[in-house]
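**Q** Sequence and predicted structure are below.
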Amino acid sequence: MSKEQDILKWFDGELSTADIKSKYPEEDFSVLEKSAFYAKQFSVPKVDAEAALTDFKTRTFNKPEPKVIPLQFKQFLKVAAVLVVLLTSSYFLFFNNEKAYNTGVAQTETFTLPDDSEVILNANSTLDYNEKAWKENRNLNLKGEAFFKVTKGEKFTVNTSAGSIQVLGTQFNVKQRDNYFEVQCYEGSVSVRSANEHVILKPGKTFRMVNEKLVEVADFNAENPSWLQNESSFNNVPLWQVINELQNQYNLKITAQNIDKDVLFSGSFTHNDLNIALQAVTIPLKLSYKINGNNVEFYYYEAN
């Protein structure tokens, strides 16, 4: 077991990586190096020395002699420990098939799923799915907003914290933000299911829930979501949701004290010019704003 003993010495830090690679040049140590890395992430439980000493003093000394573990068995335990770490590391390295995408403020990302379906992820959004299981189960999780162009095939499901959307092959937009859930169908048909609602959407229909309550299933007239053209559009949407979207598209913290944030807003704002965007939102509501760095304050202005 000379090689195994050398590996154990290397694993314990008694033998350097350069030494063991030079001693066994034909071996591939890449997996062992990863295993050693993961093993170092485990922390040893802390021991209360004073409590342990007190416990020791209270013990009786009329106990049988402890059994001596043979040296070979100790070596076996070390090898077993290495194998456990190898198996654990192998799972994370080779069997974790979760694929995830994330966007930050003012970022969008376009990518293709394994079935050639296309997804465009809007700002401050996350999406993940199991790549290995995709052929049997086209199932993914979304937090934020995304536009989907789904190829025809088996059932395609988008899961959100507010509800799920199922299609076979179509184009649709899903927006799930805090206390806001909206689905728009652009092509084909979309099944939307929440805790209390189940609706089949046809092209040109939108489903909207605010604060977990169904607001409307209504018509809309657009070929694509406006955010694909760097613009956010709203139709009778509460001001607080418009403010949230401004913060998703610009690096801002917006406050609106003494303002009714449930007032409904219809309109749009650009993603390319902060002042124009703020004016587009505040002027129709007879509001004004102040900018201080990344902080913006909305307030009522007094007409002369």
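**A** Ah, there it is.

**Q** Not counting sequence-adjacent ones, nearest residue to Val215?
**A** Arg208 (4.7 Å; CB to CB, 6 or more residues apart in numbering). C-beta here means a position set from N, CA and C on the backbone, and glycine is covered the same way.

**Q** partners of the strand or helix carrying that neighbour in the sheet?
**A** Counting by DSSP states H and E, the element that carries Arg208 is strand 205-210. Sheet neighbours of strand 205-210, with direction, are listed as strand 180-187 (antiparallel), strand 213-219 (antiparallel) (DSSP bridges).

**Q** Gln279: which of these is closest?
**A** Across the strands paired with strand 205-210, Gln279 has its closest neighbour in strand 180-187 (23.5 Å, CB to CB).

**Q** Not counting its own residues, what contacts the closest one?
**A** Strand 180-187 is contacted from outside by 160, 162-163, 165, 170-176, 190, 192, 194, 201-210, 220, 222-225, 241, 244, using CB atoms under 8 Å, 6 or more residues apart in numbering.

**Q** shaky segments in this structure?
**A** Regions of the chain meeting the criterion pLDDT under 70 cover residues 1-4, 7-12, 26-96, 302-304.

**Q** if we go to 90?
**A** For the chain, the stretches with pLDDT under 90 are 1-97, 135, 153-154, 168-169, 195-196, 301-304.

**Q** so Val281 sits in a helix?
**A** Yes - under DSSP: H, G, I helix; E, B strand; the rest coil, Val281 falls within a helix.

**Q** ok, it touching Leu246?
**A** Yes - counting by CB atoms under 8 Å, Val281 does reach Leu246; the two are 6.8 Å apart.

**Q** Between these two, which contacts overlap?
**A** Common neighbours of Val281 and Leu246, using CB under 8 Å, 6+ apart, are Phe269.

**Q** Return the residues in contact with the nearest residue to Glu197 once chain neighbours are set aside.
**A** Leaving aside its sequence neighbours, Glu197 sits nearest to Leu214 (CB to CB, 6+ apart; 5.3 Å). Going by CB under 8 Å, 6+ apart, Leu214 touches Ser194, Asn196, Glu197, Phe207, Arg208.

**Q** Grab the nearest non-local neighbour of Ser288.
**A** Going by CB to CB, 6+ apart, Ser288 has Tyr301 as its nearest residue, at 3.9 Å.

**Q** Which parts of this protein belong to which domain?
**A** Here the domain assignment for the chain is 2-95, 111-226, 231-300, based on automatic domain parsing.

**Q** For Ala106, see how far away the residue most central in space within the chain is.
**A** The centroid of the chain falls nearest to Thr126 when counting by CA atoms, centre = their mean (4.3 Å). According to CB to CB, to the nearest Å, Thr126 and Ala106 sit 16 Å apart.
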